[in-house]
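S.K.: Dropping a prediction and its sequence here:
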Amino acid sequence: KAGVTQTPRYLIKTRGQQVTLSCSPISGHRSVSWYQQTPGQGLQFLFEYFSETQRNKGNFPGRFSGRQFSNSRSEMNVSTLELGDSALYLCASSLKTDTTGELFFGEGSRLTVL
Amino acid sequence: GIQVEQSPPDLILQEGANSTLRCNFSDSVNNLQWFHQNPWGQLINLFYIPSGTKQNGRLSATTVATERYSLLYISSSQTTDSGVYFCAVVANYGQNFVFGPGTRLSVLP
């Protein structure tokens, strides 16, 4: 069974640009969540999607957005990039519909903003 | 929101030594996982352990939910155990995982 797949793995952008990251969950998993990891702030929750609906959102500005498609694949978008958006973005999927399920992570997308 | 602390923040061991990593959390939880972050950044699942004790090879974990802590034991450590270990929890009233700051483990040959 394939794991969580994230693309692209690495990317470099300049300030002011926008970026879209993609995440394909484990087959059968309908919950997809996104996390940002930086050296200063650690791992922080961005948002979670289930059945194409955002169920939960972390404390990030509106420049960070996401969506989920009918096949459970998810994308997140960051507009008007800032230097501080440089981070490892991790996607995770879960089988359960509530918060008691086990989370499985992808390899991450490492974003560098110049 | 819930607070998650991990100790120690850094740990250096000789190969073959044993270690105990601790995770304390400030509220009741309905979910707890331990992860190992590999050098490429991927979070590898170690244990899904909201309560009780589990073992997997040289690793084991115990969560005492009533006392709000979890322990990860690594026995006979190997250099490949090096990396950062994270504890993540979901509060009973919460809707997402909250991660601790991690314990950075270095195992020397």
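M.R.: Done, it's in.
S.K.: Tell me where the model's unsure across chain B.
M.R.: Along chain B, no part satisfies pLDDT under 70.
S.K.: For it, list the residues in contact with chain A, please.
M.R.: Within reach of chain A by CB under 8 Å from any CB of the partner chain, chain B has these residues: B:30-31, B:33, B:35, B:40-43, B:45, B:48, B:50, B:86, B:88, B:90, B:94-99, B:101-102. For glycine as for every other residue, the C-beta is placed from the backbone atoms N, C-alpha and C.
S.K.: Which residue ranges of chain A form strands?
M.R.: For chain A, the strands defined by DSSP state E cover A:5-7, A:10-13, A:19-24, A:31-38, A:42-50, A:53-57, A:64-68, A:74-78, A:87-94, A:103-105, A:109-113.
S.K.: got these as TSV, with distance to B:S19 columns?
M.R.: Listed next are the strands of chain A as TSV, based on distance: least, CB to CB, whole Å:
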stretch	distance to B:S19
strand A:5-7	31
strand A:10-13	32
strand A:19-24	33
strand A:31-38	23
strand A:42-50	21
strand A:53-57	34
strand A:64-68	37
strand A:74-78	36
strand A:87-94	25
strand A:103-105	23
strand A:109-113	29
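S.K.: In chain A, which residue is most central in space?
M.R.: A:W34 (3.2 Å; CA atoms, centre = their mean).
S.K.: What pairs with the lowest-mean-pLDDT helix or strand in chain A, parallel or antiparallel?
M.R.: Lowest mean confidence among the helices and strands of chain A (mean pLDDT, DSSP states H and E): strand A:53-57, at a mean of 93. With DSSP bridges as the test, strand A:53-57 is paired with strand A:42-50 (antiparallel).
S.K.: got the angle between the strand it pairs with and strand A:64-68?
M.R.: Orientation of strand A:42-50 against strand A:64-68 (axes from the mean of the first three to the mean of the last three CA atoms, to 10 degrees) gives an angle of 40 degrees.
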